[in-house]
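sequence first, predicted model second:
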Amino acid sequence: MTKRSPGISLANAPVSYGAFEVTVGIDPNTPDGIAILDEVSSAGYEGIDLGPVGYLGVGNELGMRLADRNLGLAGAYLEFPFADSARLPESLKNLDAMLDTFDAVARFITGPQPRPTIADNGSLTAMQTLVQEDVIPQVATTIILGSHLVKVSEVL
């Protein structure tokens, strides 16, 4: 992140422009990765989050796209099913792809190296328990389960 201020670097993310795992490749109105890189750079940000792996480019291509725009790669977000061992193998593949991307762009980045953000994506069983034990207030009609909005009545 070559334009960075001492101690603080500001980055943006594709999700700020409506591009994330639920929209990329699905919603035709989602801006393409190049447009977002251009927008983030022209807005004066010093870096960008990865978004869905491959969306902004892959390997050297991504590194060159970042370098051409004077952007660093801040990191990436990955939902991880800690409570669902059956889904862990697929998530580990996604984690490997994310970390491979970090390695591929490392030589193009002059500022801080990217870091992953790994969050539990929740489980239906855990959510049912929270609702049944009244941990989630009964006044709530919807909750966020992973990246999905779910009606409380659907998990009871």
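Cool, got the structure.

so what's the residue count around Ala13?
Counted with other Cβ atoms under 10 Å, residues neighbouring Ala13 total 20. No exception for glycine: its C-beta is placed from N, CA and C like everyone else's.

shouldn't Val22 be within a helix?
No. Val22: not assigned to a helix; according to DSSP: H, G, I helix; E, B strand; the rest coil it is coil.

regarding the protein, what is its longest strand?
Determined from DSSP state E, the single longest strand within the chain is strand 72-80.

ok, then the element right after that one?
Sequence order places helix 88-105 as the next helix or strand after strand 72-80, per DSSP states H and E.

which elements pack onto that following helix?
If contacts are counted by 3 or more Cβ pairs under 8 Å, 6 or more residues apart in numbering; DSSP states H and E, helix 88-105 sits against helix 59-68, strand 72-80, strand 115-120.

which one of the ones you listed lies nearest to Ile34?
Comparing these against Ile34 with Cβ to Cβ, the closest turns out to be helix 59-68 (7.3 Å).

and the contacts of that closest one?
With Cβ atoms under 8 Å, 6 or more residues apart in numbering as the test, helix 59-68 has contacts from 34, 37, 48, 56-57, 72-73, 101, 104-105, 107-109.

follow-up on the earlier one: quick check: angle from the longest strand of the chain to helix 88-105?
Relative orientation of strand 72-80 versus helix 88-105 (axes from the mean of the first three to the mean of the last three Cα atoms, to 10 degrees): 180 degrees.

now do strand 72-80, average pLDDT.
Taken as a whole, strand 72-80 has a mean pLDDT of 89.

with stretch 107-126 instead?
What stretch 107-126 shows for mean pLDDT is 81.

just the C-alphas of it, formatted as CSV.
Provided in CSV are the C-alpha atoms of stretch 107-126 (Å, rounded to 0.1, in the frame of the first residue of the first chain):
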residue,chain,number,x,y,z
ARG,A,107,5.7,-9.5,-4.1
PHE,A,108,3.5,-6.8,-5.6
ILE,A,109,2.5,-5.3,-2.2
THR,A,110,4.8,-2.7,-0.6
GLY,A,111,2.8,-2.1,2.5
PRO,A,112,1.3,-4.5,5.1
GLN,A,113,0.7,-8.0,3.9
PRO,A,114,-2.9,-9.3,3.7
ARG,A,115,-4.5,-11.0,6.7
PRO,A,116,-7.5,-13.3,6.7
THR,A,117,-10.7,-12.6,8.7
ILE,A,118,-12.2,-16.0,9.6
ALA,A,119,-15.7,-15.9,11.2
ASP,A,120,-18.1,-18.6,12.3
ASN,A,121,-20.9,-18.8,9.8
GLY,A,122,-23.2,-20.2,12.5
SER,A,123,-25.4,-23.3,12.4
LEU,A,124,-29.1,-23.9,12.4
THR,A,125,-28.7,-26.1,15.5
ALA,A,126,-26.9,-23.4,17.4
